[in-house]
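# one predicted model, sequence on top.
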Amino acid sequence: MVGKGVATQYNGFATNYTNRQVEFYKSHPDITRSILYDTVTTNLKKKRVLDLGCGFGLDMKWLSEKGAHPYGVDSSEKMIAEAKEDPFGIMVVKDLSDTNFPKDFFDHAISRYAIDYVRDLDSVFKEVYRVLKSNGTFTYVVNHPELLKLAAQQDPELARSEKLVNLPAFNGDLSFTKQLHNIEDYLSKFVLDHFEVLDIVEGQEHPDKFPVPGKTEHTLDFLVVKLRKLYVADIIIS
Ligand SMILES: C[S@@+](CC[C@H](N)C(=O)[O-])C[C@H]1O[C@@H](n2cnc3c(N)ncnc32)[C@H](O)[C@@H]1O
């Protein structure tokens with residue numbers, strides 16, 4: 001799905017999504033956020049950090065508490081409006097594949113449950129590569145391909161014709177329309193040629209987070225990848 005379609009989706013339920021997420025994590029562990037925060041480098045003081053698909057800005061708040069300068073990008077004006085109610089840093093309405101920030105600008109980038117809405121993942125990886133400084137890291141959380149493939153069994157025609165899947169979330173109160181991807185899309189040739197893979201974590205959310213029919217105790221809900229932008233010299237040598 002392209003950014004505009006996602007913006008329509010999130011503009012439609014921005015406040016509901018924000019409230020639902022805040023309520024849900026009052027009584028359930030926020031597992032991917034804990035992993036994301038543990039995986040991101042600890043010294044963020046005065047570092048410029050980009051949050052791709054920042055939503056209502058919860059991770060920008062954490063970044064700011066860590067002493068970083070957070071920047072958020074999101075294609076949904078309504079989500080950015082939610083974030084601006086309690087602002088932590090600079091926020092812009094832009095697509096993830098065309099952020100308009102200068103090249104070599106950010107020390108780090110993060111993204112939680114956002115890049116998996118994008119059909120052409122390499123367009124995002126290329127943009128992140130452009131705006132990151134050499135050695136900067138990009139840590140992203142996405143829904144695991146095996147969860148989305150299971151959810152796709154509910155509407156095989158949508159999956160076949162559009163490579164899209166409706167993912168139930170938050171006890172089934174909301175549903176997100178995401179792109180179907182394979183692991184090789186998340187670790188594409190572009191990624192492996194331009195980044196070093198520093199970490200990969202797979203795991204499960206609380207069962208109520210993504211109640212997909214047919215899930216078992218072994219179904220993986222999420223994938224977390226931490227990349228480091230290679231020096232230009234590293235790329236020439238390899
Ligand atoms: C599930 S929400 C996650 C928000 C936030 N990262 C969090 O974890 O709370 C996904 C966000 O990504 C944004 N998004 C998805 N695709 C996008 C794109 N192509 N360009 C910009 N924003 C996008 C959506 O508008 C939405 O706010």
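Looks like it arrived, so ask away. Residues are numbered from 1 along each chain as shown.
# convert stretch 172-179 to CSV, retaining C-alpha atoms only.
Extracted in CSV, the C-alpha atoms of stretch 172-179 (Å, rounded to 0.1, in the frame of the first residue of the first chain):
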residue,chain,number,x,y,z
GLY,A,172,-10.2,-7.3,17.5
ASP,A,173,-11.5,-3.8,18.2
LEU,A,174,-9.4,-2.4,15.3
SER,A,175,-8.0,-3.8,12.0
PHE,A,176,-5.0,-2.7,10.1
THR,A,177,-4.5,-3.2,6.3
LYS,A,178,-0.9,-4.1,5.8
GLN,A,179,1.3,-5.4,3.0
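# I'd like the mean pLDDT over the helix or strand hosting Glu196, please.
Counting by DSSP states H and E, the element that carries Glu196 is strand 195-203. Average pLDDT, strand 195-203: 98.
# what does stretch 101-109 give?
Stretch 101-109 shows an average pLDDT of 97 in the prediction.
# that older thread, next secondary structure after the strand holding Glu196?
Taking DSSP H and E as the definition, the helix or strand that follows strand 195-203 towards the C-terminus is strand 222-229.
# need the residues that contact that next one.
The set of residues external to strand 222-229 that reach it, using C-beta atoms under 8 Å, 6 or more residues apart in numbering, is 31-32, 35-36, 39-40, 129, 132-145, 147, 183, 186-187, 191, 194-205. All C-beta atoms are positioned from the backbone trio N, CA, C, and that covers glycine.
# got the angle between the longest strand seen in the chain and strand 222-229?
Longest strand of the chain, by residue count under DSSP state E: strand 132-143. Our comparison of strand 132-143 with strand 222-229, counting by axes from the mean of the first three to the mean of the last three C-alpha atoms, to 10 degrees, yields an angle of 170 degrees.
# hey, which helix or strand in the protein has the poorest pLDDT?
helix 232-237 (a mean of 65; mean pLDDT, DSSP states H and E).
# show me the helices in the chain, by range?
Taking DSSP state H to define them, one finds helices in the chain at 3-27, 31-39, 58-65, 77-84, 121-131, 145-152, 156-162, 183-186, 189-194, 232-237.
# got those as CSV, with distance to Asp221 and mean neighbour count columns?
CSV is the format used below for these (distance: least, C-beta to C-beta, whole Å; neighbours: other C-beta atoms under 10 Å):
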stretch, distance to Asp221, mean neighbour count
helix 3-27, 14, 16
helix 31-39, 8, 17
helix 58-65, 18, 20
helix 77-84, 22, 20
helix 121-131, 19, 21
helix 145-152, 5, 20
helix 156-162, 18, 12
helix 183-186, 15, 16
helix 189-194, 22, 15
helix 232-237, 33, 10
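# could you dump these into TSV with distance to Val225 added?
Formatted as TSV, the helices of the chain follow (distance: least, C-beta to C-beta, whole Å):
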stretch	distance to Val225
helix 3-27	20
helix 31-39	9
helix 58-65	16
helix 77-84	23
helix 121-131	11
helix 145-152	12
helix 156-162	23
helix 183-186	6
helix 189-194	8
helix 232-237	18
